[in-house]
Structure formats: structure tokens, C-alpha cells
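>>> Whatever this is, show me its structure:
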Amino acid sequence: LSSANPGNIGSALRHCPLLDISAVCVLGCLSRNAARKSLRISQMERDLDRDVKLFVAPDSETPLTSVSQLRGAGLQLVGLTAEPDRSLAGPALPLWEFDFTQPSLGIVFGSDRDDGKPFPDGVEALLHATVTVPMRKFQERDGMNVAHVVSIVAYERWRQHLKRQLGRKPA
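Coordinates of the predicted model:
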């Protein structure tokens, strides 16, 4: 998550253990107090069985530096964007066409700011693929809150995982 507000991060964290996501990394602009607020909102402090790690990149690191380190560690990076036609690699795939079951997958959610850019500067060039949650838009700037997108993508990942366990390739 990049530059997300504490409420959205807390909401995302709350859903992650239910859908077998083990870690969330926040890149940029999350103070120690905001991180504590995110954990409080997620209610993870009260339920220690919810084993999701929250990693907050140091303020001294840009999102580009952090994503570069994640890629260097061997993660396959897929970016989620509400701007499906503005991807550097061509049109973004609808999320159901992407294989979210692959190992070592890092899902990079775009900025929680409405600055007209799908990702912080330089990050998109490091992605292996871009994916979108298709949605109906009434105005150019219409889009979903990042916490909602995290939930939808986590559910799709879980759905594909269960299909694969049952011996069927995800549709």
C-alpha cells in the first residue's frame, strides 16, 4: 500500500488473515502513531491468532526504493490500478485473468491519493504486470477505496487458491 490512510490500512489488515495473506507493507507517509492507529482499527492487537505482519518502510525510503528492494528479493510484483488503460505495459488485465496463486507474489496497490497517477513515480516500471478491478465509472475520477480493492483482490486470490486445491484451474 502506498500513502494509504490509517483507516484504510486497518481495514485491509483486518481482512488479510481471513484470506491467507501474511504481510502488508506500507510505503511512504505512515507515522508511528498512524501505524498504531491502523493496528487498533484492524483489531489485530486483541486477536493474536490473526498472524499478519505490518511492515512500514522508513520515511527515508521512497516507494520506488522499497519496491525495487522487494523485486530484488525475488517477488513477482503485480500492480493494481483503477486506471486500466494508462499502464506502461499496455492495458491492465481484469483481476480474474491474473494468476494470484503464484509463489512469491507481491501485490502493489496504487496510491490512496487522488493525484492522477496510478502509482508513485518510477514504481510502475518495476512491475511484472498490472491488473485492475473492472468497474463502472460515472466520472473520470471514480474509483474504489483502497481498502475495498484489497478485500476484492484478496478474495480473488483465495478463490483461485481453493480452485487449484480442488484440482481445477482458476477461471
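
>>> okay, now residue 117: neighbour count?
With neighbours defined by other CB atoms under 10 Å, the count for residue 117 comes to 15. In short, each C-beta sits where N, CA and C put it, glycine included.

>>> Give me the mean pLDDT for the longest helix along the chain.
Determined from DSSP state H, the single longest helix within the chain is helix 146-165. Helix 146-165 shows a mean pLDDT of 85.

>>> May I have the secondary structure class of residue 61?
Secondary structure, DSSP: H, G, I helix; E, B strand; the rest coil: residue 61 is coil.

>>> Tell me how many other residues crowd it.
When neighbours are counted by other CB under 10 Å, residue 61 registers 14.

>>> From residue 11, how far out is it?
Using CB to CB, to the nearest Å, residue 61 is found at 24 Å from residue 11.

>>> show me where this structure has helices.
When secondary structure is read from DSSP H, the chain shows helices at 6-15, 32-42, 63-72, 146-165.

>>> To residue 26, which of those lies closest?
For residue 26, the closest of these is helix 6-15, at 6.1 Å, according to CB to CB.

>>> can you list the helices of the chain in TSV and add mean neighbour count and distance to residue 21?
Output for the helices of the chain, formatted as TSV (neighbours: other CB atoms under 10 Å; distance: least, CB to CB, whole Å):
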stretch	mean neighbour count	distance to residue 21
helix 6-15	22	8
helix 32-42	16	12
helix 63-72	18	15
helix 146-165	18	6
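
>>> closest to residue 94 out of these?
Relative to residue 94, the nearest member of the helices of the chain by CB to CB is helix 146-165, separated by 10.0 Å.

>>> Report all helices and strands that the closest one contacts.
helix 6-15, strand 105-109 (3 or more CB pairs under 8 Å, 6 or more residues apart in numbering; DSSP states H and E).

>>> 6 Å - rerun?
Under the contact criterion of 3 or more CB pairs under 6 Å, 6 or more residues apart in numbering; DSSP states H and E, helix 146-165 touches helix 6-15.

>>> Please work out the average pLDDT along the helix it packs on.
72.

>>> now swap in stretch 75-95 and tell me
Model confidence over stretch 75-95, given as mean pLDDT, is 77.

>>> Let me know the pLDDT of residue 98.
Reported pLDDT for residue 98: 93.

>>> Excluding chain neighbours, what is closest to it?
residue 131 (4.8 Å; CB to CB, 6 or more residues apart in numbering).

>>> Any figure for the gap between residue 91 and residue 79?
Shown here: residue 91 relative to residue 79, a distance of 13 Å by CB to CB.

>>> These two: who's more crowded?
Neighbour tally, residue 91 and residue 79, criterion other CB under 10 Å: the higher count belongs to residue 79, 25 against 11.
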